[in-house]
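Novice: Kindly return the folded structure for what I paste below:
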Amino acid sequence: MVAMLAMGCERKNGGTGTGDGGPPIKVGVYLDLSGQTSSFGQSTKNGIEMARDEINNAGGINGRKIELVIEDEQGQPGMVTTVVTKLLRQDGVVALLGEVASTNSLTAAPKAQEAKIPMITPSSTNPEVTRKGDYIFRVCFIDPFQGEVMAKFAANNLKAKRAAILSDFNSDYSKGLTQFFKQSFTGSGGTIVEEKSYTQTDRDFSSQLTAIRAANPDVIYVPGYYGQVGVIAKQARQQGITIPILGGDGWDAPQLWELGGDAMNNTFISNHYSIDDPLPLIQKFVTDYKARYGGVAPDALAALGYDAMKVLGDALKRAGTTEGAKLRDAIAQTKDFPGVTGTITMNAERNVDKPATVLELIAKDRKFAYKDKIYPSGMTPPAGASSSPAAGASPAASSSPSTGSSPASTSTSPSPMASPASSPSH
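Specialist: From the prediction side, this is the model:
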């Protein structure tokens, strides 16, 4: 009886069984599944569910299955508060996965911290997210690196000297990328010639673009989300602005092609991985995802959702319990975990140092084409992989991944534009 009572208390407090097929382990997932960034939420959900099934089909966590409790918060911070409170207080989840938009992760993080329940954001890149407490983690790189990557790409690869910025006034994600792009671009000798903003409800960007056009930049940096970026690109081209438009991972959604069409030519983004990367781990993920989801290729949000669930599953196994503090410690001790979006090691700030991939958008193929991979300063590329220098170094030599070269090299396919520094065309 003493043994049985001890086992019952352990399970009540969230401990895992030892291969006995105990109760499921509840993991809370909060995402925008029906709002303005629902493409992000749906892709992330797909990746999380695929990883969950792989974990469960392999025997689960010490014999227990992962059960996802998924909530749609419609991308609204007020709804985030409601659903995260429900997940933590009513559903009894042992961990949280979410969100994509940094503003929404910043809303949820203090609640997870207060409850002492670990939270892993797959793709919120604003540095402030993990600063909300020691129970908050992420599996993506952060904005200081992502902003620097595109600033260096503009200066080194596109030879840009003058840049304009058009950012989302209400987005913490956009604000962060703007800050770090500006710091890096001006630090390398470039000039920010114009800076304008918009909100996610805007549909007419003509006044901002007119001012930008008059400033005669070599490139435009638009660190926003796909819903506005596609429209911005189309209206820019209608004004005769043909210079390169640059952005970040917030562009990565199928709807971008519907909104922007041919206007997306001569645009470039930083992202977390490329489906063209020949690494076996990545190609297996792409093949399995397509088979599961009707031939749809996994975007970066799907890959990050998959990695977040896998990292959590690995930590649950190592922790041997679902008790909050011990699970938190196990996540913090994650080291050299082989993720689809790169090798994952949690640093002291509960962030990960990973390379960024630069992609060129090809409208006729609706394709994010591999362009370059850039590693953080001081990070050693995997054995056998060549790479571009870390951000801040000189540009790499060019080679195309389609010829069998490493995915960390730069494509040789000519850019569909003249050097923006020598012949800006508006």
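Novice: Leaving out chain neighbours, which residue sits closest to residue 132?
Specialist: residue 109 (3.7 Å; CB to CB, 6 or more residues apart in numbering). C-betas here are computed from N, CA, C, even on glycine.
Novice: give me the number of residues near the one you found?
Specialist: 24 (other CB atoms under 10 Å).
Novice: how about whichever strand or helix holds it: buried residues?
Specialist: Element membership of residue 109 [criterion: DSSP states H and E] is helix 102-115. Neighbour-count burial for helix 102-115, with 16 or more other CB atoms under 10 Å as criterion, is recorded at 102-109, 111-113, 115.
Novice: Put together CSV for the residues you listed, with pLDDT and distance to residue 218 on each row.
Specialist: Formatted as CSV, the buried residues of helix 102-115 follow (pLDDT from 0 to 100; distance: CB to CB, whole Å):
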residue, pLDDT, distance to residue 218
102, 94, 28
103, 94, 30
104, 97, 34
105, 97, 33
106, 97, 33
107, 97, 37
108, 98, 39
109, 98, 38
111, 98, 44
112, 98, 43
113, 98, 43
115, 98, 48
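Novice: Next, please give the residue ranges for the helices of the stretch 301-426 of the chain.
Specialist: For the stretch 301-426 of the chain, the helices defined by DSSP state H, counting those that start in this stretch cover 324-332.
Novice: Please enumerate the strands of the stretch 101-250 of the chain.
Specialist: With DSSP state E, counting those that start in this stretch as the criterion, the stretch 101-250 of the chain has strands at 119-121, 136-138, 162-168, 191-198, 219-221, 245-247.
Novice: what about the second one, average pLDDT?
Specialist: Translated: strand 136-138. Mean pLDDT, taken over the full extent of strand 136-138, equals 98.
Novice: helices or strands up against it?
Specialist: helix 102-115, strand 119-121 (3 or more CB pairs under 8 Å, 6 or more residues apart in numbering; DSSP states H and E).
Novice: Hmm, residue 156 and residue 185 touching each other?
Specialist: No - look at residue 185 against residue 156 with CB atoms under 8 Å: they stay out of range, at 11.0 Å.
Novice: Between those two, which has more neighbouring residues?
Specialist: Each of residue 185 and residue 156 has its neighbours counted (other CB under 10 Å); residue 185 has more, 26 against 20.
Novice: Next one: that one from residue 163, what distance?
Specialist: 6 Å (CB to CB, to the nearest Å).
Novice: Let's check: the centremost residue of the protein is which one?
Specialist: For the chain, the residue nearest the mean C-alpha position is residue 123 (3.6 Å; CA atoms, centre = their mean).
Novice: Now do it, the pLDDT please.
Specialist: Per-residue confidence (pLDDT) for residue 123: 96.
Novice: before we move on, what about residue 402?
Specialist: Residue-level pLDDT assigned to residue 402 equals 29.
Novice: Same check on the one 3 residues further on?
Specialist: Per-residue confidence at residue 405 stands at 28 (pLDDT).
Novice: what do you get for residue 148?
Specialist: pLDDT, residue 148: 94.
Novice: I'd like the average pLDDT over stretch 327-336.
Specialist: For stretch 327-336, the per-residue pLDDT averages 97.
Novice: Relative to residue 193, which of the buried residues of helix 102-115 is nearest.
Specialist: Nearest to residue 193 among the buried residues of helix 102-115: residue 102, at 27.0 Å, using CB to CB.
Novice: Perfect, I'm done here.
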